[in-house]
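> Sequence and predicted structure are below.
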Amino acid sequence: MRSKTKMIHGGITGDEKTGAVSVPIYQVSTYKQDGAGNHRGYEYSRTGNPTRTALETVIADLENGNAGFAFGSGMAAISSVMMLFNAGDHVVMTDDVYGGSYRVMTKVLNRFNLHHTFTDTSSTEAVEAAINENTKAIFVETPTNPLLKITDLQKMAEIAKKHDLLLIVDNTFATPYWQQPMNFGADIVLHSATKYIGGHSDVVAGLVVVKTKELAEQLHFIQNSVGAVLGPQDSWLLMRGIKTLALRMEAIEENTKKIVSFLENHKKVSTIYYPGRESHPGHGIAVKQAAGFGGMVSFDVGSGEEAEKVLAKVRYFTLAESLGAVESLISIPAKMTHASIPADRRRELGITDGLIRISIGIEDAEDLIEDLQAALHE
């Protein structure tokens, strides 16, 4: 079954009892048992809910994994995955990582003696150098947020296997339509499903897919123990979003190509970050491991003052956190998504005050270009 068909027919579809073509929303907390401890597959909705199960099944199908898990947010998903490790363990993590991921590692999980090293995972040499005797995993974000750096998943998998480590991949930007990290050796794939998978700015959620039954058992135990589960209403919204994911990603990609072409020829834009450009570092790797480049673009206008002027003038780009929606969004990472990262660390990574990040939607590309043209005008 090909990807587009999987998004409609993958996992659990419809309702056998009524013939409904949409999985029902099981708004229920507990379930009648036929005898003490003799239930029909569900006993309590923290442990399992039929609507959530349907979502978890389809995301596992899309990522070619053993099992899927739906969480209350992307950060709940990442935090739960990190609970697979013990105090004293160490994780090698992409340096240009989402601000929330940086925050949870440096301000929360470090309290439990979970060690980390932020590393340029686009460099195999840097990753090898960061591994030590207590390293248990490599955590990769590719493309990264907000500089769109590319990591070679196959090489990371080879390093992980060599050192008996787990390879964890944040696949939020690429989506399972454009990229399936498990095909290249990943053990765990996660998403902020708030973004492209939901796609309509109406749900906050996280998804995780694991490669093996053993990991599935471990993660289910953690999810049930800490209770970081997604509710049935939000699970249903994500399933609805998945049905149009392929069409949205294709439309977004077409728009993005046109907008990047416009930015390349604008005198106010000094640097553009987009994996679809042949000059982008890692472009060749992106072509090898992904079928598309997504709708995220970052570009530098020289200063925070100039960036603020652009944001004040746009009409169709909405100034907001998040990304991956049908509407186009715009932000300044240094003041918004990555504000939790210290200023000196941002400068070290290349996240300047003049960097603007845009998430392209499905509006008419000409309207979006005209909007940016007017905003960049003197």
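Structure's in. What do you need?

> and the closest residue to Gly282 other than its chain neighbours, how far is that from Gly294?
The spatially closest residue to Gly282, leaving aside those adjacent along the chain, is Ile150, at 2.9 Å (C-beta to C-beta, 6 or more residues apart in numbering). All C-beta spots, glycine's among them, are computed from the backbone N, C-alpha and C. Note on Ile150: its distance to Gly294, by C-beta to C-beta, to the nearest Å, is 11 Å.

> from memory the residue nearest to Gly282 sits against Ser122, does it?
Yes. Between Ile150 and Ser122 there is a contact under C-beta atoms under 8 Å: 6.1 Å.

> Need the overlap of contacts for Ile150 and Gly294.
Common contacts of Ile150 and Gly294, defined by C-beta atoms under 8 Å, 6 or more residues apart in numbering, comprise 143, 275.

> So which of the two has more stuff around it?
Gly294 (28 against 24; other C-beta atoms under 10 Å).

> That one: what secondary structure?
coil (DSSP: H, G, I helix; E, B strand; the rest coil).

> contacting residues around it?
By C-beta under 8 Å, 6+ apart, the residues touching Gly294 are 143, 173-175, 178, 196, 249, 252-253, 256, 275.

> What separation is there between it and Val287?
Relative to Val287, Gly294 is positioned 13 Å away (C-beta to C-beta).

> circling back: need the residues touching each of Ile150 and Ser122.
The overlap between the contact sets of Ile150 and Ser122 (C-beta under 8 Å, 6+ apart) consists of 281-282.

> where does the stretch 151-300 of the chain dip in pLDDT?
Within the stretch 151-300 of the chain, no stretch has pLDDT under 70.

> Could I get the full set of helices for it?
153-162, 175-178, 213-226, 232-243, 245-264, 283-289 (DSSP state H, counting those that start in this stretch).

> can you check the stretch 1-150 of the chain too?
Using DSSP H, counting those that start in this stretch, the helices of the stretch 1-150 of the chain run over residues 3-9, 50-62, 74-82, 99-103, 124-130.

> roughly how far is the last one from the heart of the chain?
In this case it means helix 124-130. Centroid separation between helix 124-130 and its chain, computed with C-alpha atoms, centre = their mean, to the nearest Å, is 24 Å.

> Identify all contacting residues around that helix.
Everything outside helix 124-130 that qualifies as a contact, by C-beta under 8 Å, 6+ apart, is 92, 117, 119-121, 138, 152, 155-156, 159.

> That helix: which residues count as buried?
Applying a neighbour-count criterion of 16 or more other C-beta atoms under 10 Å, one finds 127, 130 buried in helix 124-130.

> Nearest to Leu376 among the helices of the stretch 1-150 of the chain would be which one?
In terms of C-beta to C-beta, the element of the helices of the stretch 1-150 of the chain nearest to Leu376 is helix 99-103, at 25.7 Å.

> pLDDT of that closest one, averaged?
Across helix 99-103, pLDDT averages out at 91.

> What spatial separation is found between Ala286 and Phe293?
Counting by C-beta to C-beta, the gap from Ala286 to Phe293 is 6 Å.

> Name the residues contacting each of those two.
Counting by C-beta under 8 Å, 6+ apart, the residues touching both Ala286 and Phe293 are 143, 275-276.

> What about those, which one has the most neighbours?
With neighbours taken as other C-beta under 10 Å, the top of those is Pro143, carrying 28 neighbours.

> what sits up against stretch 212-224?
46-47, 66-67, 69, 71, 80-81, 83-84, 187-188, 208, 210, 229.

> Please name the bridge partners of the closest residue to Pro181 other than its chain neighbours.
Distance criterion C-beta to C-beta, 6+ apart; nearest residue to Pro181, sequence neighbours excluded, is Val169 at 4.0 Å. Judged by DSSP bridges, the bridge partners of Val169 are Val140, Val189.

> so who does the residue most central in space within the chain touch?
Most central residue of the chain, judged by C-alpha distance to the mean C-alpha position with C-alpha atoms, centre = their mean, is Thr172 at 1.8 Å. Going by C-beta under 8 Å, 6+ apart, Thr172 touches 74, 98, 141, 145, 190-192, 195-196, 324.
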